[in-house]
Structures are given as structure tokens and as C-alpha cells.
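Novice: fold the following.
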Amino acid sequence: MDALDKYKVDLKDLQAGVATYRFELDDAFFELVGGTLVKGGHADVMLSVEEKGGIYALTFHIRGVVRVPCDRCLDDMDVAVDTENVLNVKMGTEYSDEGDVVVVPEDDPAFNVAWNIYEFIALSVPVAHVHEEGKCNAVMMEMLAAHLVTSEEPDDTGGEKAEVTDPRWDKLKEITNN
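Specialist: Next comes the predicted model:
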């Protein structure tokens, strides 16, 4: 038995109306799925499945806190997720995940939603995820500051700051000035 089998929804045996499922995700779920963005966390998933004319509408409501690496210091940080997504599934001859509808083979109607849950969570994480100001790893921030290139440096006389430019750009600017 696969560890992710508890995330299977048997579409063929659904009763009329709306069927609901509840999944509690923990660090073990994220480790089993093996995604690269979300490292762990805890979330509740409410899944409702409704059959409408041969198409099964799977509505996922996911709420919780997941752990992702900070873009600035690479330490783990917690990000709240609260998302609702709909996935349409229908029965067919062979599995297909192209287009707006996922096709599940009629001879194996158990559809594992684990990867879909992971993808919906990953898509709900903001594109840029960084700690609040002052919360990043201090050692990493010192290393970044040592390699940071600033656009202004003080001039030799100790007066106003002189703008530092890249000599390659200076050569290109000469072309446009002619």
C-alpha cells in the first residue's frame, strides 16, 4: 500500500449529491510528495466532489501554515495559506492531464489528489517570500552585505558621494552620445 493512498478519491463509487473529504497535512505529507518549494507545514484540506453531467467538480479549500525557504537568507519561514481551487475530472479510456479537465481511466477510477493538493498550496505561496525586516539569519545577512554592490560611494575628498558606474556601460553610453 502506497503511503499516499489515503488521498485517493474513488469517483465511480460516489453517491448522488456532494461528497466531502477532509485531509490533515503535516510534515510527512510534504516529504512524501517530494515537492521542492514547500518543505513542510500543517494544513487542513476540505474537498467536496460533485458530479455534474459526467464531469466531477473537485473543490479544494486549503487553509494552514507551510514552511518555505526565505529568498534572502535561505532559512525556513512560515507562510499562511488560504486558497480555494476547483479541478474538473472525467472518466475516459486513459489518463490525461492536459487542458482544463483531467481524464481518469474508467478501469481505475480512484484519483489520487495528493499532488494536486501540493500544487494548489505551492501556487498560493507568494512569489517573493522573505522574512520581515530584521528577522533574517544575521550571519547570512552579513555575508550578503560583504558582497553587496552599491551604486554610490564617497569620493576621495570626503565630500558628496560620487556615482560609481560599470565601465562596460560607460563604453556603451559613448556609442549613444555620438
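Novice: helices along the protein, start to end?
Specialist: 27-33, 114-124, 138-147, 167-177 (DSSP state H).
Novice: residue 10: which of these is closest?
Specialist: Residue 10 lies closest to helix 114-124 among the helices of the chain, at 14.6 Å (C-beta to C-beta). All C-beta spots, glycine's among them, are computed from the backbone N, C-alpha and C.
Novice: could you pull up the mean pLDDT of the closest one?
Specialist: The predicted model assigns helix 114-124 a mean pLDDT of 95.
Novice: now stretch 97-111
Specialist: On average, stretch 97-111 scores 85.
Novice: where's residue 114 relative to residue 56, distance?
Specialist: For residue 114, the distance to residue 56 equals 17 Å [C-beta to C-beta, to the nearest Å].
Novice: what's the most buried one of the helices of the chain?
Specialist: Among the helices of the chain, helix 114-124 has the highest mean neighbour count (mean count of other C-beta atoms under 10 Å), at a mean of 19.
Novice: show me what it is packed against.
Specialist: helix 27-33, strand 55-69, strand 76-92 (3 or more C-beta pairs under 8 Å, 6 or more residues apart in numbering; DSSP states H and E).
Novice: quick revisit: for residue 50, find the nearest of the helices of the chain.
Specialist: Taking those one by one with C-beta to C-beta, helix 114-124 is closest: 16.2 Å.
Novice: what's the angle from that closest one to strand 55-69?
Specialist: 60 degrees (axes from the mean of the first three to the mean of the last three C-alpha atoms, to 10 degrees).
Novice: could you tell me which ranges of the chain sit under the pLDDT cut-off?
Specialist: Scanning the chain with the threshold set as pLDDT under 70 gives 1, 149-164, 178.
Novice: tell me how it divides into domains.
Specialist: Taking automatic domain parsing as the domain assignment, the ranges for the chain are 5-124, 138-177.
Novice: good, we can wrap up now.
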